[in-house]
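Engineer: Predicted structure and sequence below. I'll ask about it afterward.
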2 protein chains.
Amino acid sequence: MDWLDEVKWDAAGLVPVIAQELSSGDVLMFAWMNREPLQKTAELGRAVYFSRSRGKLWFKGEESGHVQEVHEIRMDCDNDVLLLKVVQRGHEPGIACHTGRHSCFFQLYAGATAGGAWKISGSVLKDPESIYK
Amino acid sequence: MDWLDEVKWDAAGLVPVIAQELSSGDVLMFAWMNREPLQKTAELGRAVYFSRSRGKLWFKGEESGHVQEVHEIRMDCDNDVLLLKVVQRGHEPGIACHTGRHSCFFQLYAGATAGGAWKISGSVLKDPESIYK
């Protein structure tokens, strides 16, 4: 059986993907894949996603240069979520987020006692205007 | 504006959630929340999800005792994915997976040169039969 067939693709043919930094363990981003991006990710050793907004393959870093070198591809117990262990290339420290931050998960819930709002936690390492020309 | 209104719930009123172990950085599991579970998670400081298979609130650990103590609630740049930083309680080391393993992501793609299959990587810490009686 083909390893790609063991993935339980959803009704839209997609599967959620978590990208985690190999060295730090930081969760960098969340995206989606269908069959072709997963195959390409394995072949190339770099993260290829499916962009739901653009409706096409998304070679992570194709515009920004912020390529993700893929060291592990993991799958969960239900075969319906993937986890990539990556080295985030193109900038030191790595920038995974389109806002120029290390991780996409830079909004932190402050808690009811602190007003119950989302606070920014994570600095912009590079101006997005200079990432996407 | 209510912090819950800032989350971009999908067409089914759900948002994907990644649970990450606070101490190790290990990604433990992936689940879904709608509005009520997120509110309860924040109130109780323990993970409450929405079980899509059972169509109801799922107080993580309600059967297994493997409760997740929530230390951080983070949201991504698009406001449509959440990340919890948790302490996995009820067993030492923590068991997040219903298979009795530490993490749900215990299937590792072996790579084309190794036959291209998914290999088990992660031992069973407790027999699921004794977790769910």
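Structural biologist: Received it, and whenever you're ready, just let me know what you need.

Engineer: Helices of chain A, start to end?
Structural biologist: A:35-44, A:128-131 (DSSP state H).

Engineer: Can you say which of those is packed in most?
Structural biologist: Highest mean neighbour count among the helices of chain A (mean count of other CB atoms under 10 Å in any protein chain shown): helix A:35-44, with a mean of 17. Glycine gets a C-beta too; all of them are placed from N, C-alpha and C.

Engineer: For that one, name the packing helices and strands.
Structural biologist: On a contact count with 3 or more CB pairs under 8 Å, 6 or more residues apart in numbering or on different chains; DSSP states H and E, helix A:35-44 meets strand A:48-51, strand A:56-59, strand A:68-75.

Engineer: Residue A:68: neighbour count?
Structural biologist: Residues lying near residue A:68 (other CB atoms under 10 Å in any protein chain shown) number 29.

Engineer: Return the residue of chain A that is most distant from the centre.
Structural biologist: residue A:113 (31.9 Å; CA atoms, centre = their mean).

Engineer: Check it and give its pLDDT.
Structural biologist: Residue A:113 is assigned 80 on the pLDDT scale.

Engineer: got the helices and strands packed on helix A:35-44 as TSV, with distance to residue B:43 columns?
Structural biologist: Shown next, in TSV, are the helices and strands packed on helix A:35-44 (distance: least, CB to CB, whole Å):
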stretch	distance to residue B:43
strand A:48-51	34
strand A:56-59	37
strand A:68-75	32
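
Engineer: Now render those as a markdown table, adding mean pLDDT and distance to residue A:93.
Structural biologist: Below are the helices and strands packed on helix A:35-44 laid out as a markdown table (pLDDT from 0 to 100; distance: least, CB to CB, whole Å):
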| stretch | mean pLDDT | distance to residue A:93 |
| --- | --- | --- |
| strand A:48-51 | 98 | 21 |
| strand A:56-59 | 96 | 22 |
| strand A:68-75 | 98 | 14 |
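
Engineer: Chain B is nearest to which of the ones you listed?
Structural biologist: strand A:68-75 (3.9 Å; CB to the nearest CB).

Engineer: Please list the outside residues in contact with stretch A:85-97.
Structural biologist: Contacts with stretch A:85-97, where a contact means CB atoms under 8 Å, 6 or more residues apart in numbering or on different chains, come from A:19-23, A:28-29, A:47, A:61, A:64-72, A:74, A:101-104, A:106, A:125-126, A:131, B:77.

Engineer: Skipping its backbone neighbours, what lies nearest the closest residue to chain B within chain A in space?
Structural biologist: Nearest residue of chain A to chain B (CB to the nearest CB) works out as residue A:25 at 2.6 Å. Setting aside the residues directly before and after it, residue A:25 is nearest to residue B:25 in space (CB to CB, 6 or more residues apart in numbering or on different chains), at 2.6 Å.
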